[in-house]
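Q: attaching a predicted model along with its sequence, questions to come.
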Amino acid sequence: MKQDDFLEAVKQEGLELEEVLEKVDELKSLNSQIGKLSKITELIASGKYFSYYPNSHQLSPEHPFLKLASNFNKMVKEIKQYQNFLEDKIKERTNALEQKNNELKILLEEVNGLKKQQDKDYYLTLA
């Protein structure tokens with residue numbers, strides 16, 4: 001579409017050029033914010049956690065994108081908490097397994113010692 005055709009279409013819709021330019025700027029800003037959020041989600045997917053803070057000076061306070069950013073940051077915080085919780089559980093369970101493994105090794109050594117003693121006693125009875 002040629003520039004003159006565009007301006008004529010805008011006039012027919014009853015919009016002022018300034019309004020259109022403001023909307024274009026808002027869309028550019030929103031597109032930029034979405035691009036940033038997309039990059040951050042890629043980092044999070046790779047295990048690097050970041051919070052997202054949009055350029056709120058470019059958006060009105062009631063803009064839905066600010067609510068999205070807030071919810072996104074809550075989600076990141078909860079994921080970090082779950083990850084820390086799971087890592088702690090893994091450490092606890094690993095420690096418990098190591099302790100049980102050590103107890104089993106001690107019992108096995110005792111059983112082997114008793115078996116050797118039993119074998120000695122058995123051979124003494126044969127002689």
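A: Sure, I can see it.
Q: hey, let's count contacts and neighbours off CA atoms from now on
A: OK.
Q: longest helix of the chain?
A: helix 64-126 (DSSP state H).
Q: now it: average pLDDT?
A: The average pLDDT within helix 64-126 is 90.
Q: cool, and stretch 16-30?
A: Throughout stretch 16-30, pLDDT has a mean value of 77.
Q: what residues sit buried inside that stretch?
A: By 16 or more other CA atoms under 10 Å, the buried positions in stretch 16-30 come out as 29, 30.
Q: by contact count, what packs against the longest helix of the chain?
A: Here helix 64-126 touches no other helix or strand, going by 3 or more CA pairs under 8 Å, 6 or more residues apart in numbering; DSSP states H and E.
Q: report the distance from it to the chain centre.
A: Distance of helix 64-126 from the chain centroid (CA atoms, centre = their mean, to the nearest Å) equals 25 Å.
Q: how near is residue 17 to residue 23?
A: Distance, residue 17 to residue 23, using CA to CA, to the nearest Å: 10 Å.
Q: ok, residue 39 next?
A: Distance, residue 39 to residue 23, by CA to CA: 24 Å.
Q: before we move on, what about residue 89?
A: Distance from residue 89 to residue 23, by CA to CA: 51 Å.
Q: do residue 74 as well
A: Using CA to CA, residue 74 is found at 29 Å from residue 23.
Q: with residue 78 instead?
A: From residue 78 across to residue 23, the span is 35 Å (CA to CA).
Q: same question, residue 16
A: Taking CA to CA as the measure, residue 16 and residue 23 are separated by 11 Å.
Q: same thing with residue 94?
A: The spacing between residue 94 and residue 23, counted by CA to CA, is 57 Å.
Q: and if you look at residue 71?
A: From residue 71 across to residue 23, the span is 25 Å (CA to CA).
Q: now do residue 37
A: In terms of CA to CA, residue 37 sits 21 Å off from residue 23.
Q: next one: residue 70
A: From residue 70 to residue 23 the distance is 23 Å (CA to CA).
Q: over to residue 62?
A: The value you get for residue 62 to residue 23, if CA to CA is used, is 16 Å.
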